[in-house]
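I'll drop the sequence and a predicted model, then ask my questions.
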Amino acid sequence: MQALSNSLKKDVALKNTAQVYGGDINHTFVLDTTAGKFFLKSNESAAADMFEKEFHGLELLRKANVISVPNPIVHGKTGRLIFLVLEYIERGEPLPDLWLQFAHGLSALHKQSQAAFGLNENNYIGSLPQQNDTCNSWSEFYTIQRIMPLMRTAFEQKKCSKEDIAGCEKLCSRFNTLFPAEAPSLLHGDLWSGNFIIGKKGLPVIYDPAVYYGHREMDIAMTLLFGGFDKRFYRYYNEIFPLEKNWEQRTQLCQLYPLLVHLILFGGHYYYSVMDVIKKYK
């Protein structure tokens, strides 16, 4: 409570704590305090700066001011435990135009740009480190900051072979012809349905980001990896900020990165999912 009190610049006392279940990585709680409700994430085994980088990512998304994200309040460390306190988002009932609002918000986020692909700091996707050194082209960034580092990690973990790496290198050599040229877009970076809720006002709220400036088809493909959103969202998005021709044919190519993340974190059948993508496009 001291860190929260210091951040809010007033004394805050805890009234009640309720643990929330559902995540794979962190312990999560709703804190009922004299200053209102807050959401707490904690971890004793993660990298010391994981929540600091998440804090920065949320700040960047909030600065864009185009789509709702929880306000990050304070992050810190006590002993081996790291923590992050966020605004608590109450769930609500969706407005009739929810998917139109989501399409407007995400397309506006994707119109936020900078000169190069990447970010001014590395961060994390889940608990896995995410490299963000800037590159002038998406094909270069996707190769050297995303795909090949994870393929090498998978090889070190004995989750793929040298032949698999060679096949992936061949695919990477074709990225400049497979992807249409676009300016870097500010991405949520891990935009699946588990990182999306409907807030109290009936509007979309996104959280748990892995931000960077990348090809916007990455966010769209991530939404489709585990079921996808309502079809109206994709129609509205394409009306507001049309994706390049044949974007659906590149969806699995964009999903290669999160599939590699899952291969490294969880192993198992994700190997076959990764290899299916490499074989399809190489």
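Perfect, thanks for sending it.

contacts, neighbours, all on C-alpha from now
OK.

and the helix or strand encompassing residue 58, which residues are buried?
If you go by DSSP states H and E, residue 58 is part of helix 50-64. Buried residues in helix 50-64, counted by 16 or more other CA atoms under 10 Å: 50, 51, 52, 53, 54, 55, 56, 57, 58, 59, 61, 62.

Give me the residues contacting the next helix or strand after that helix.
Moving toward the C-terminus from helix 50-64, the first helix or strand encountered (DSSP H and E) is strand 72-78. With CA atoms under 8 Å, 6 or more residues apart in numbering as the test, strand 72-78 has contacts from 3-4, 7, 48, 51-52, 55, 58-59, 82-87.

And for stretch 196-213?
So stretch 196-213 is contacted by 54, 57-58, 67-70, 89-95, 98, 101-102, 113-114, 116-119, 123-126, 132, 184-191, 195 (CA under 8 Å, 6+ apart).

Quick one: end-to-end distance for it.
In stretch 196-213, first residue to last residue: 20 Å (CA to CA, to the nearest Å).

Output stretch 117-125 as PDB, nothing but the C-alphas.
Output of stretch 117-125 as PDB, limited to C-alpha atoms (Å, rounded to 0.1, in the frame of the first residue of the first chain):
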ATOM      1  CA  PHE A 117      10.200  -0.200 -37.200                       C
ATOM      2  CA  GLY A 118      10.900  -1.100 -33.600                       C
ATOM      3  CA  LEU A 119      10.900   0.800 -30.300                       C
ATOM      4  CA  ASN A 120      13.200   2.800 -28.100                       C
ATOM      5  CA  GLU A 121      13.500  -0.100 -25.700                       C
ATOM      6  CA  ASN A 122      13.200  -3.800 -25.600                       C
ATOM      7  CA  ASN A 123      10.200  -5.300 -23.700                       C
ATOM      8  CA  TYR A 124       8.300  -8.500 -23.300                       C
ATOM      9  CA  ILE A 125       5.600 -10.600 -25.000                       C
END
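
could the buried residues of helix 50-64 be laid out in TSV, adding distance to residue 43 and pLDDT?
As requested, those are arranged in TSV below (distance: CA to CA, whole Å; pLDDT from 0 to 100):
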residue	distance to residue 43	pLDDT
50	9	97
51	9	97
52	12	97
53	14	98
54	13	98
55	15	98
56	18	98
57	18	98
58	18	98
59	21	98
61	23	98
62	24	97
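
Can you tell me which of the residues you listed is nearest residue 248?
residue 61 (25.9 Å; CA to CA).

got a list of what the closest one touches?
67, 69, 109, 188.

Please apply the same query to residue 234.
So residue 234 contacts residue 103 (CA under 8 Å, 6+ apart).

From residue 178, how far off is it?
Separation of residue 234 from residue 178 (CA to CA) stands at 21 Å.

go on, residue 280?
Relative to residue 178, and taking CA to CA, residue 280 is found at 12 Å.

Of those two, which one has the most company?
The neighbour count for residue 280 versus residue 178, taken as other CA atoms under 10 Å, is higher for residue 178 (15 against 10).

Identify each buried residue in stretch 271-278, please.
Quick answer for stretch 271-278 (16+ other CA under 10 Å): 271, 273, 274, 275, 277, 278.

and what of stretch 228-243?
Residues of stretch 228-243 classed as buried: 228, 233, 234, 236, 237, 243 (neighbour count, 16+ other CA under 10 Å).

neighbours of residue 5, just the number please.
Neighbours of residue 5 (other CA under 10 Å): 14.

and if you look at residue 131?
Neighbour number of residue 131 under other CA under 10 Å is 19.

what's in contact with the helix or strand hosting residue 272?
Using DSSP H and E, the element containing residue 272 is helix 270-281. For helix 270-281, contacts defined as CA under 8 Å, 6+ apart pick out 159-160, 164, 167-168, 171, 252-253, 256, 259-260, 262-263.
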